[in-house]
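Participant: Take a look and give me a structure for this.
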Amino acid sequence: MKKILLILTGGTIGSTEQNGIIFTDTMGKNRAVERYHQKYGDVIFTLQQPLNILSENLSVNHWEVIVNHIRSLDLSEYDGMIITHGSDTLSYSSAMLAFCLCGLRLPVVITAANYVPDDSRSNALDNLRAAVIMINTTKNGIFTVYKNDGEDFCTVFMPTRLREADRFLDRFSSIDGHCIGTVQNDRFTPDRHAPTLDEISAKNQPILTDKLILKSNVLMIRPYPSLNYDSIALPNGTRAVLHITYHSATASAEAENSALTFLKTCSNKKIDFYLASFKKANTAVYETGNRLIQNGAVPLYGISDESAYAKLLLAYHTDTKNSKDFMRQDLYFEQI
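Facilitator: Residues are numbered from 1 along each chain as shown. Model (predicted):
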């Protein structure tokens, strides 16, 4: 019988509903696990709960708690690990956890739920089952599994390519339109356009080699028409700005109050300025994007907003002088 370490962090999958209000459960009352045992009973779960929050309350300090707790454990007795999480910030944590845990010698599956486990509409049990199937299927690697509404299968996402769920249909997707595969009827079916399980298993060199200590020193900005850049404060200790571009890899570069003027402000303060995301290198870019690059902006290619943010936090979590080189590397399939 498989032995699986289950890391609980809260979220809907670890919550109950009382009088129309959703609350995170206390340790030992995880209904998703109880329901799994009632239906399957084919694994031994060891439960640990380093934190217990609704994921909209997530901060970078919570990532430190999760990662450092896992890295402190003796994992040799386990066949795999499942990390349960809230859905709101699942894509951000999937990226960070993939970067930090990819050197582990066992499969790690991150998952969440749309409704509390006791709700008949909940996908908690399906997601948990798919996570177990992935542990049974591969020897190592980091994966995110989730069953979108209206589908009769669970999608296995590359965690560094996962996009935040949309606000109307609550569906997760991948930036490249492909997934690692699907789990249906207890069977994994690979996507032929994605990295194979063997390729994923082979990419297991650790990226994080010491204790994770993150500083809130990366500012992420999303543009919109007439954004007032003068209203954006640069807190002391800001090391980098991640400016999300429009889909054409562009941002305002003409108005007096524009991304270009803000870039120059950052340059004067010795703050690195990154643009995400350009589709591919050595392809034509719009004049606005080019002006930003010519004035010092660092373009990032083929990467999700979430992975770019997590990767920048890692790049600047020490006083490294090679942060830009770090950002150019493909660490864990984040670049498409």
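
Participant: Could you use CA atoms for every contact and neighbour count after this?
Facilitator: Will do.

Participant: Tell me where the longest helix sits in this structure.
Facilitator: Determined from DSSP state H, the single longest helix within the chain is helix 124-137.

Participant: now it: mean pLDDT?
Facilitator: Helix 124-137 carries an average pLDDT of 98.

Participant: Please name the nearest non-neighbouring residue to Ala249.
Facilitator: Phe278 (5.2 Å; CA to CA, 6 or more residues apart in numbering).

Participant: Give me the residue ranges of this protein where confidence is low.
Facilitator: By pLDDT under 70, the weakly predicted segments of the chain are 26-29, 318-321.

Participant: Break it into its domains for me.
Facilitator: If the domains of the chain are taken from automatic domain parsing, they occupy 2-202, 218-328, with pieces of a single domain joined by a plus sign.

Participant: For Glu334, which of those is the nearest?
Facilitator: With CA to CA as the criterion, Glu334 lies closest to domain 2-202 of the domains of the chain, at 4.9 Å.

Participant: Would you mind measuring the gap between the ends of that closest one?
Facilitator: The separation between the terminal residues of domain 2-202, taken as CA to CA, to the nearest Å, is 22 Å.

Participant: cool, and stretch 81-95?
Facilitator: For stretch 81-95, by CA to CA, the gap between its terminal residues amounts to 16 Å.

Participant: For the stretch 151-300 of the chain, which segments count as helices?
Facilitator: Secondary structure of the stretch 151-300 of the chain by DSSP state H, counting those that start in this stretch: the helices cover 197-202, 259-268, 287-294.

Participant: Present those helices as TSV; the columns should include distance to Ala124.
Facilitator: What follows is those, written out as TSV (distance: least, CA to CA, whole Å):
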stretch	distance to Ala124
helix 197-202	24
helix 259-268	42
helix 287-294	42
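
Participant: Could I get these in CSV, plus columns for mean neighbour count?
Facilitator: Written out in CSV, the entries for those read as follows (neighbours: other CA atoms under 10 Å):
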stretch, mean neighbour count
helix 197-202, 15
helix 259-268, 19
helix 287-294, 17
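
Participant: And the most far-flung residue of the chain relative to its centre, how far from Phe262?
Facilitator: In the chain, counting by CA atoms, centre = their mean, Glu256 sits farthest out from the average C-alpha position, at 35.2 Å. Here Glu256 is placed at a distance of 10 Å from Phe262 (CA to CA).
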